[in-house]
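K.L.:
A predicted structure for the sequence below; I have some questions about it.
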Amino acid sequence: MHERSIFSLITMKKLKNHIYKQGVTSLMLFLLLSGCSFPLSSSVDDILKGMSRVPDSKIVQDALPTYIIMIESMLAKTPDDPTLLQAAAQLYRFYGIQLVEQPERALLITDTALEYAMKAAATTIPVFENGRMIDYPLFEEVIQNATVADLEPLYIIGEVWLEWIRVRKDDMDAIADLPIIQLIMERVVALEPGYRKGMASMYLAVLAAMEMAERETINRHFSRAIEAAGEQNIMPSVFFALWLKNDGKHAQSCATLSDVINKGVPDDPAFSLFNEYAMKEAVRIKKELVEDESCKVGGN
């Protein structure tokens with residue numbers, strides 16, 4: 001049995017009832033291919049960086065099983081290599097994201113992703129050796145003592161774990177893990193505020209929305225994410241616009257989306273895949289606002 005924080009014990013019912021109301025499921029479904037540039041060893045680095053530079057995301061989606069088999073063949077020779085384990089976790093996570101229409105497969109794939117992420121993190125942070133069976137007070141102490149050297153495994157396990165929860169959004173035991181992910185991402189941001197061009201702060205914004213935090217808190221996380229993203233990563237801005245839409249602030253959402261669309265997709269190969277996807281989402285969300293006659297900014 002997990003030891004849960006007070007937050008998780010009190011808010012389980014509220015979370016389940018609120019997820020659909022606030023559109024958090026939409027936010028979580030939008031978590032696609034975040035963080036495609038990794039400081040890994042040569043062959044793995046080539047694979048993941050190559051993925052980030054492919055202009056057509058469908059090509060990457062179709063090739064994911066091949067990438068996974070390649071990584072598994074490497075792991076067969078060195079099963080405890082943390083670099084390979086991290087890469088495998090991310091590839092399985094990417095693949096799980098594609099399985100929206102196949103929930104049973106998504107459960108299996110994300111189980112594997114989380115298992116690899118846990119094993120990789122445990123090489124430097126032993127508290128992950130027991131997987132999800134976490135003693136929360138001990139875990140909190142360990143995470144608060146994490147250093148810059150722990151940034152990569154912490155971020156990866158937080159990202160993979162969040163995807164694991166996404167495909168189990170009706171499972172209250174899975175949702176109860178959200179405070180753990182929040183703690184992880186808070187430490188990542190504390191160690192490096194702009195980590196992964198604002199992605200860690202963006203995840204904190206999404207988690208704050210799921211927690212039904214104060215709007216000021218959610219806005220603060222999004223503002224930090226957007227500032228850190230600069231001109232390279234448009235995903236935090238599109239996430240922010242989606243949250244504004246779900247929060248009833250349609251004019252502000254539309255203005256944010258219009259700004260993103262007018263600037264176009266940034267020319268940054270390290271973020272090309274998910275910038276492309278984010279732009280498609282920006283266009284789609286704005287179209288919905290226009291069709292609902294909720295978009296009142298100029299040029300609509």
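P.N.:
Ah, there it is.

K.L.:
residues contacting residue 200?
P.N.:
155, 158, 185, 188-189, 192 (CB atoms under 8 Å, 6 or more residues apart in numbering). Every residue, glycine included, has its C-beta placed from N, CA and C.

K.L.:
at 10 Å instead, please
P.N.:
Counting by CB atoms under 10 Å, 6 or more residues apart in numbering, residue 200 makes contact with 34-35, 151, 154-155, 158-159, 184-194, 221, 224-225, 228.

K.L.:
which residues sit against stretch 248-259?
P.N.:
Against stretch 248-259 from outside (CB under 10 Å, 6+ apart): 215, 222, 226, 234, 237-238, 240-247, 281-290, 292-300.

K.L.:
So which of these belong to helices?
P.N.:
Of those, the ones assigned to helices by DSSP state H are 215, 222, 226, 237-238, 240-246, 281-290.

K.L.:
ok, back up a step: which among the contacts of stretch 248-259 end up buried?
P.N.:
Neighbour-count burial (16 or more other CB atoms under 10 Å) applied to the contacts of stretch 248-259 gives 222, 226, 234, 237-238, 240-247, 281-282, 285-286, 289, 294-295, 297.

K.L.:
And the helices in the stretch 51-200 of the chain?
P.N.:
All helices of the stretch 51-200 of the chain, identified by DSSP state H, counting those that start in this stretch, fall at 57-77, 82-97, 103-122, 136-144, 151-166, 172-175, 178-191, 195-210.

K.L.:
Please export the C-alpha coordinates of stretch 159-168 as CSV.
P.N.:
C-alpha atoms of stretch 159-168 as CSV (Å, rounded to 0.1, in the frame of the first residue of the first chain):
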residue,chain,number,x,y,z
GLU,A,159,7.2,12.6,-17.7
VAL,A,160,6.9,8.9,-18.2
TRP,A,161,4.9,8.5,-14.9
LEU,A,162,2.5,11.2,-16.0
GLU,A,163,1.8,9.4,-19.3
TRP,A,164,1.3,6.2,-17.3
ILE,A,165,-1.4,8.0,-15.3
ARG,A,166,-3.0,9.5,-18.4
VAL,A,167,-3.9,6.1,-19.8
ARG,A,168,-5.4,5.2,-16.4
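
K.L.:
Touching, residue 165 and residue 210? I think so.
P.N.:
Yes: with contact defined as CB atoms under 10 Å, residue 165 counts as touching residue 210 (9.5 Å).
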